[in-house]
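> with the input below, show me the fold.
(chains A, B, C and D)
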Protein chains: 4
Amino acid sequence: MVKVSRVVKDAGMPTEPYAVADLQADLRAFRDARDWGKFHDPKSLVLALVGEVGELAELFQWVPADEARAEFSSGQRQVRAGEEMADVFIYLLNLADVLDIDLLDAARQKLAAAAERFPESRHQGVAPHKS
Amino acid sequence: MVKVSRVVKDAGMPTEPYAVADLQADLRAFRDARDWGKFHDPKSLVLALVGEVGELAELFQWVPADEARAEFSSGQRQVRAGEEMADVFIYLLNLADVLDIDLLDAARQKLAAAAERFPESRHQGVAPHKS
Amino acid sequence: MVKVSRVVKDAGMPTEPYAVADLQADLRAFRDARDWGKFHDPKSLVLALVGEVGELAELFQWVPADEARAEFSSGQRQVRAGEEMADVFIYLLNLADVLDIDLLDAARQKLAAAAERFPESRHQGVAPHKS
Amino acid sequence: MVKVSRVVKDAGMPTEPYAVADLQADLRAFRDARDWGKFHDPKSLVLALVGEVGELAELFQWVPADEARAEFSSGQRQVRAGEEMADVFIYLLNLADVLDIDLLDAARQKLAAAAERFPESRHQGVAPHKS
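From the prediction side, this is the model:
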């Protein structure tokens, strides 16, 4: 069946788009092929994620705030931002994997909770308060 | 049309699973309904992401490294970790949105590049060196 | 003796100012009085530091970049920023303690190296490049 | 008087040790000699600090938790940790400078508050709860 499926794909039939579940499967295969699972305890993965967040922050640090969007939404700087964001995403998924968390579903639920917590009528154009 | 669509869903017809693109659309709607787009410049979004990474780190900070996986892969602690990871993911997608970056595709490409950079044969069980 | 010492201070005799070494001694005493040294392995301390950096970032995230300095250099917001910065500093010193690092001396050396690396003549008003 | 003081120093008389205030003065001079003050708005400085925290986290990420202290408290790895910690400290002081915050005093006050909040008797060997 796998073989048939490949033939069908090769024949140009519509195929499923690459999804988070596919990326997670690929990350798992990448990790296991190198026997790197032993490094993937949660504290190490959070530190690795922090490292990538640091590289993302460095890209933007000295760019004037009102120029950052234009500077990083095309060309080489967009590519660089995409690479660092990809790294953050990858470690987030690696962490989700070892903790058996469905990241997409967790985000959907968090957004639904935020929609209740911040009613549109009361939060028009006002940033949530942090104190 | 919305109504019909819902009826079809209620009738148990196969529906598409929730995907990253759906979450991104929902995040955009959430943001725009509150007129919060004006806060979403890249530097502010990276700082917001850092705030959520900090909350994630706090969950794990005092847990012994070799107990963290077991402690956070079920029950209330798993829920908490999922919530903080969801927040990190949400800000990552908000940033991807303003920079017009396809996060899933960027991650797939980054993983392909890592597979070339770290051949299985030479990296069996050895962590990539950071100096 | 404590009383006498206070009287002397009140009388305006010159006293030593509070220095980093004093803070480090106080942090060590605070930690040891609670038997918290067992939590202070480097990875845990870095995660704790990340947690505090996250709280610092949250303070600034939605404030317009060109208003942040004025907003946070007086009043209650200055106090809040000082508290979060103090927490970052405290974990940095706790880490310095377990690694036997002289933070002040390390910073002095780093600054001297930066002065050589970025000659004034070639870096007038130009941010160091990050790529 | 300055001249006399220098002569005395040159003669090998005991001099004041390098203090935080000296480092802050040196940082200010370094910044102003390069006209870099214009980059030092708070959000940019926090992002720069995050970048350095990321580099610090990377040093430790794949080291087993129970080996990290021994690995990083001597030799080249201690030097590397000291360099990254120095960078974090430097950006913290740059931020303190623009916000007119006395970092050492803020830390002393924070520690005094923590001592009240976590009485020794009730927190023997128990990590502060984060939820």
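> excluding its backbone neighbours, what's nearest A:H123?
Among residues not flanking A:H123 along the chain, B:R34 sits closest, at 5.0 Å (Cβ to Cβ, 6 or more residues apart in numbering or on different chains). Bear in mind the C-beta positions are built from the backbone N, C-alpha and C, glycine included.
> for that neighbour, give its distance to A:F118.
The gap separating B:R34 from A:F118 is 7 Å, by Cβ to Cβ, to the nearest Å.
> higher neighbour count, these two?
Just comparing B:R34 and A:F118: by other Cβ atoms under 10 Å in any protein chain shown the higher neighbour count belongs to B:R34, 22 against 16.
> now the helices: where do they sit in chain A?
A:2-10, A:20-33, A:42-60, A:68-72, A:75-99, A:103-117 (DSSP state H).
> what's the closest of these to chain D?
Chain D sits nearest to helix A:42-60 of all the helices of chain A, at 1.4 Å, using Cβ to the nearest Cβ.
> angle of the closest one against helix B:75-99?
Between helix A:42-60 and helix B:75-99, the angle comes out at 20 degrees (axes from the mean of the first three to the mean of the last three Cα atoms, to 10 degrees).
> how about helix A:42-60, does it get close to chain C?
Yes. Using Cβ under 8 Å from any Cβ of the partner chain, helix A:42-60 reaches chain C at A:K43, A:S44, A:V46, A:L47, A:V50, A:E58, A:L59.
> residue contacts, the first one?
This means A:K43. Shown in contact with A:K43 (Cβ atoms under 8 Å, 6 or more residues apart in numbering or on different chains): B:F60, B:V63, B:A65, B:A68, C:K43, C:S44, C:L47, D:A65.
> ok so, going back, lowest average pLDDT across the helices of chain A?
Note on those: helix A:2-10 shows the lowest mean pLDDT, a mean of 37.
> quick one: which of the contacts of A:K43 is most hemmed in?
B:F60 (28 neighbours).
> how close does that residue sit to A:L45?
Between B:F60 and A:L45 the computed distance is 9 Å (Cβ to Cβ).
> now A:V88
In this view, A:V88 and A:L45 are 12 Å apart by Cβ to Cβ.
> ok, now A:D102?
17 Å.
> of these two, who's got more company?
Using other Cβ under 10 Å as the criterion, A:D102 and A:L45 rank with A:L45 on top: 24 against 16.
> which residues does the residue nearest the centre of chain A contact?
Closest residue to the average C-alpha location of chain A: A:F89 at 2.8 Å, with Cα atoms, centre = their mean. Counting by Cβ under 8 Å, 6+ apart, A:F89 makes contact with B:F89, B:L92, B:L103, B:A106, B:A107.
> re the thing from before, so which of the helices of chain A is the most packed in?
helix A:42-60 (a mean of 26; mean count of other Cβ atoms under 10 Å in any protein chain shown).
> enumerate the residues of chain A near chain D.
A:39, A:41, A:43-44, A:47-48, A:50-55, A:57-58, A:60-62, A:65.
> which segments of chain A make up each domain?
Listed by automatic domain parsing, the domain ranges of chain A are A:1-39, A:40-103.
> and chain B, is stretch A:92-112 touching that?
Yes. Contact of stretch A:92-112 with chain B (Cβ under 8 Å from any Cβ) involves A:92-93, A:95-96, A:98-111.
> sorry, back to before: got a pLDDT number for the residue nearest to A:H123?
In this model, B:R34 is scored at 96, pLDDT.
> ok, it - contacts?
A:F118, A:E120, A:H123, A:Q124, A:G125.
> can you tell if stretch A:64-73 touches chain B?
Yes. Stretch A:64-73 lies within reach of chain B by Cβ under 8 Å from any Cβ, at A:A65, A:D66, A:A68, A:R69, A:F72, A:S73.
> around chain C, pick out the residues from chain A.
So chain A meets chain C at A:43-44, A:46-47, A:50, A:58-59, A:61-62, A:64-66, A:80, A:127-128, A:130-131 (Cβ under 8 Å from any Cβ).
> how about 7 Å then?
Residues of chain A found near chain C (Cβ under 7 Å from any Cβ of the partner chain) are A:K43, A:V46, A:L47, A:V50, A:E58, A:L59, A:W62, A:A65, A:A127, A:K130.
> for those residues, work out which two are farthest apart.
A:K43 and A:A65 (33.0 Å; Cβ to Cβ).
> what are the contacting residues of stretch A:107-114?
The contact list for stretch A:107-114 (Cβ atoms under 7 Å, 6 or more residues apart in numbering or on different chains) reads B:Y18, B:L23, B:D26, B:L27, B:F30, B:E83, B:A86, B:D87, B:F89, B:I90.
> swap in 8 Å and give it another go.
For stretch A:107-114, the external contacting residues (Cβ under 8 Å, 6+ apart) are B:Y18, B:L23, B:D26, B:L27, B:F30, B:E83, B:A86, B:D87, B:F89, B:I90, B:L93.
> surely A:D105 meets B:Y18?
Yes. The pair A:D105 / B:Y18 is scored as a contact, 7.3 Å apart, by Cβ atoms under 8 Å.
> next, show the common contact partners of these two.
By Cβ under 8 Å, 6+ apart, no residue touches both A:D105 and B:Y18.
> per-residue pLDDT, the residue lying closest to A:D100 once chain neighbours are set aside?
Ranked by Cβ to Cβ, 6+ apart and with sequence neighbours excluded, the top spatial neighbour of A:D100 is B:S73, at 5.0 Å. Per-residue confidence (pLDDT) for B:S73: 98.
> from what I can see B:S73 touches A:L95, true?
No. Applying Cβ under 8 Å, one finds B:S73 not in contact with A:L95, separated by 10.6 Å.
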